[in-house]
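A predicted structure for the sequence below; I have some questions about it.
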Amino acid sequence: MAGNLRRHFRQAIRETRIQMAMKIKWLWPHLLFAGFLLVCLLPDKIKGDSCTLYAVVLASALEIIAIVSGKRRVLRDLMFFMLALLIIWTLATSKFNLLLEFLFAPPGRVLRQFILDYQELIRHIVSSLGLILNGCALGLIAAIPLGLFIGYSARVGKTAMLISKFLSSIPPIVYIPYGVALLPTFRSVSVMVIFLATFWPVLSGTVAGVMYTEKKYLEVAKNLGCGKFRTLARVVLPSALPQIFTGCNQGLSVSFILLTSAEMIGARNGMGFYVNYFSDLGDYTRTMTGVFLIGIVISIVYLAVGRLQRYMLKWQI
């Protein structure tokens, strides 16, 4: 009897500790928000206006998101990270002036610059995303059907894998001189480079996915009287989708790197151009704005692609 009581008592203590830990984790974003408000009350040690009100508005928006997130742990943890970053950023810039004010603007100034330049920023976003969309779409349209037909033949597929590995190892940026010589505009050169950055990873992923399709599925399709095209569309393509998305994500990563680099060199529009133009002018508030803009846009694109991937691969769950 006494042993059972001790066991129940220990279990009750363990459950209480778990509940307390969960409550503390839930409270952390709100404690950080309160801490940020206290940090804002500290005197500024920089010469210019730190635009604290803009930072408070941003922190309040993050706090509201943390409140409405409910049991969405990932979203709440993200708000925790962003509030912590906001506190560290504010302390290192406007409050203690640990970083050069000329190079590192406080968060309020950067947020104000987002608001002041929002029309110009939207124009640059549309320009960059337009290039990415055109190049990636052409790469997918060319790579997926070709990969399906190549990979369907085991002999041809193995040879194609070797060729694609060799060609994909060549950085697409080295083709820029040929693009400049052969194509009429910077936009067409950019689309060509993004096309190459997307085509080879997607082609390799498609061929690999087709080759690794389980034979029993192909035999079932054959026994049901499915022709080659129907088998490719109904059996092989769904089976290869995980590898296709892997190649697509790889191509997307390289495409953004190449695009922003190219825009910083020879473009007149785009997010990379915005960063390079204002860094040359010594306006590092706008430079930081452009850097954060690139990070935000790329994160949103990856989130959208991830949601599409989960939707199209929900049969795997």
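The structure has been received and is ready for your questions.

Not counting residues beside it along the chain, what's closest to Gln120?
In this structure residue 120 is Glu, not Gln. Take Glu120 and drop its neighbours on the chain: the residue closest to it by Cβ to Cβ, 6 or more residues apart in numbering is Tyr274, 7.5 Å away. Just so you know, the C-beta spots here come from the backbone N, C-alpha and C atoms, and that holds for glycine as well.

Output the contacting helices and strands for the helix or strand encompassing that neighbour.
Tyr274 belongs to helix 271-280 when elements are defined using DSSP states H and E. Here helix 271-280 touches helix 118-152, helix 237-266, helix 284-312, going by 3 or more Cβ pairs under 8 Å, 6 or more residues apart in numbering; DSSP states H and E.

what angle separates the longest one from helix 237-266?
Orientation of helix 118-152 against helix 237-266 (axes from the mean of the first three to the mean of the last three Cα atoms, to 10 degrees) gives an angle of 140 degrees.

mind listing what's buried in helix 118-152?
Using 16 or more other Cβ atoms under 10 Å as the burial criterion, the residues of helix 118-152 that qualify are 121, 124-125, 127-129, 131-132, 134-136, 138-140, 143-144, 146-152.

Just to check, the residue nearest to Glu120 is in contact with Arg123?
No: taking contacts as Cβ atoms under 8 Å, Tyr274 lies outside contact range of Arg123: 9.4 Å.

Need the nearest residue in space to Leu237, chain neighbours excluded.
Counting by Cβ to Cβ, 6+ apart, Leu148 is the residue found nearest to Leu237 once chain neighbours are left out, at 6.4 Å.

first to last residue in stretch 88-108, what's the distance?
13 Å (Cα to Cα, to the nearest Å).

So what touches it?
Counting by Cβ atoms under 8 Å, 6 or more residues apart in numbering, the neighbours of stretch 88-108 from elsewhere in the structure are 36, 39-40, 42-48, 50-55, 58, 86, 113, 282, 284-285, 288.

Also stretch 259-268?
Outside of stretch 259-268, the residues within contact range by Cβ under 8 Å, 6+ apart are 128, 131-132, 173, 176, 186, 189-190, 193-194, 269-273, 275-276, 294.

of the residues you listed, buried ones?
Among the contacts of stretch 259-268, the ones that count as buried by 16+ other Cβ under 10 Å are 128, 131-132, 173, 176, 186, 189-190, 193-194, 269-273, 275-276, 294.

Okay, now the unreliable bits of the stretch 201-317 of the chain?
Along the stretch 201-317 of the chain, the parts satisfying pLDDT under 70 run over 315-317.

try 90 this time
Under the criterion of pLDDT under 90, the regions of the stretch 201-317 of the chain flagged as low confidence span 204-240, 257-269, 310-317.

what's the closest non-adjacent residue to Asn298?
Just to correct that, residue 298 is Ile rather than Asn. Nearest in space to Ile298, with sequence neighbours left out and distances taken as Cβ to Cβ, 6+ apart, is Phe256 at 5.5 Å.

My guess is that neighbour contacts Leu129. True?
No: counting by Cβ under 8 Å, no contact exists between Phe256 and Leu129, whose distance comes to 10.2 Å.

anything in contact with each of those two?
Common neighbours of Phe256 and Leu129, using Cβ under 8 Å, 6+ apart, are Val301.

one step back: what angle do the helix holding Tyr274 and helix 237-266 make?
Going by the same axes, to 10 degrees, helix 271-280 makes 30 degrees with helix 237-266.

Return the distance of helix 271-280 from the chain's centre.
For helix 271-280, the gap between its own C-alpha mean and the chain's C-alpha mean amounts to 21 Å (Cα atoms, centre = their mean, to the nearest Å).

now stretch 187-204
Shown here is stretch 187-204, whose average C-alpha point lies 18 Å from the average C-alpha point of the whole chain (Cα atoms, centre = their mean).

swap in stretch 308-317?
For stretch 308-317, the distance to the chain centre is 18 Å (Cα atoms, centre = their mean).

Ok, stretch 221-233 next?
37 Å.

CA atoms of it as PDB?
Extracted as PDB, the C-alpha positions of stretch 221-233 are listed here (Å, rounded to 0.1, in the frame of the first residue of the first chain):
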ATOM      1  CA  ALA A 221       0.000  -1.100 -64.200                       C
ATOM      2  CA  LYS A 222       1.000  -3.400 -67.100                       C
ATOM      3  CA  ASN A 223      -1.400  -6.100 -65.900                       C
ATOM      4  CA  LEU A 224      -4.200  -3.500 -65.900                       C
ATOM      5  CA  GLY A 225      -3.400  -2.600 -69.500                       C
ATOM      6  CA  CYS A 226      -1.900   0.800 -69.000                       C
ATOM      7  CA  GLY A 227       0.100   2.100 -71.800                       C
ATOM      8  CA  LYS A 228       3.500   3.800 -71.500                       C
ATOM      9  CA  PHE A 229       2.200   7.400 -71.300                       C
ATOM     10  CA  ARG A 230      -0.500   6.500 -68.800                       C
ATOM     11  CA  THR A 231       2.000   4.500 -66.700                       C
ATOM     12  CA  LEU A 232       4.400   7.500 -66.700                       C
ATOM     13  CA  ALA A 233       1.600   9.900 -65.700                       C
END
